[in-house]
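Asks: structural data only, the sequence is not supplied:
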């Protein structure tokens with residue numbers, strides 16, 4: 001029996017790959033990244049297959065998966081933009097932003113989370129106020145779930161790096 005959580009993660013990855021490709025090829029339909037293989041995802045798969053000369057079945061067989069994944073990896077490798085500056089505080093060691101913190105760092109994280117709603121539909125809308133309240137914690141948890149990180153609702157260095165990398169990847173599109 002297939003673990004539904006693993007299937008949802010695989011579908012979410014498929015949707016992320018297709019969505020990334022769609023930013024560079026408008027013939028590929030944009031799909032929400034929600035882990036549900038619905039008609040929108042099937043349509044995006046079919047448009048990928050059609051434009052890449054694969055049999056148009058809307059089913060992700062091995063050849064389709066490999067082609068999608070290879071194209072996604074190629075996009076990641078050719079991204080040669082300058083890296084964004086890191087705003088993560090270097091001190092104190094082991095720093096994590098969490099509930100109750102008020103700072104410019106929190107505002108920067110909120111801005112990135114709000115912009116990432118373009119590809120992560122599950123991230124709720126945020127008010128950019130620099131206050132790490134429950135809405136910010138829920139947005140962080142949603143991002144962590146979508147990014148397959150430990151879901152803590154706090155921003156540690158690993159979460160920040162993944163957040164910055166995701167934000168950087170959409171900023172060119």
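Replies: Okay, I see it. Please read these numbers as outputs of a predicted model, since none were measured by experiment.

Asks: pull out the buried residues from stretch 48-67.
Replies: 48-49, 52, 54, 58, 60, 64, 67 (16 or more other Cβ atoms under 10 Å). Every C-beta, even on glycine, is put in place using the N, C-alpha and C of the backbone.

Asks: low-scoring stretches of the protein, by residue?
Replies: The model of the chain has pLDDT under 70 over residues 1-5, 79-85, 171-173.

Asks: quick one on the thing from earlier: which of the buried residues of stretch 48-67 lies closest to residue 117?
Replies: residue 48 (23.4 Å; Cβ to Cβ).

Asks: surely that closest one touches residue 20?
Replies: No. The criterion here is Cβ atoms under 8 Å, and residue 48 misses it with residue 20 at 11.6 Å.

Asks: residue 46 belongs to a strand?
Replies: No. Read with DSSP: H, G, I helix; E, B strand; the rest coil, residue 46 is helix and lies in no strand.

Asks: neighbours of it, just the number please.
Replies: Residues near residue 46, counting by other Cβ atoms under 10 Å, number 18.

Asks: for it, give me its contacts.
Replies: 56-58 (Cβ atoms under 8 Å, 6 or more residues apart in numbering).

Asks: and what of residue 99?
Replies: 132-134, 137, 153.

Asks: picking that back up, sort out for me which of the buried residues of stretch 48-67 are in strands.
Replies: When strands are assigned by DSSP state E, not one member of the buried residues of stretch 48-67 lies inside them.

Asks: what's the closest of the residues you listed to residue 39?
Replies: When these are ranked by distance to residue 39 (Cβ to Cβ), residue 58 comes first, at 8.9 Å.

Asks: what separation is there between that closest one and residue 11?
Replies: 14 Å (Cβ to Cβ, to the nearest Å).

Asks: where is the longest helix in this protein?
Replies: helix 4-24 (DSSP state H).

Asks: pull out the buried positions in that helix.
Replies: For helix 4-24, by 16+ other Cβ under 10 Å, it's 11-23.

Asks: can you list those residues in CSV and add distance to residue 74?
Replies: Output for the buried residues of helix 4-24, formatted as CSV (distance: Cβ to Cβ, whole Å):
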residue, distance to residue 74
11, 22
12, 20
13, 16
14, 16
15, 18
16, 15
17, 11
18, 14
19, 15
20, 11
21, 10
22, 15
23, 13
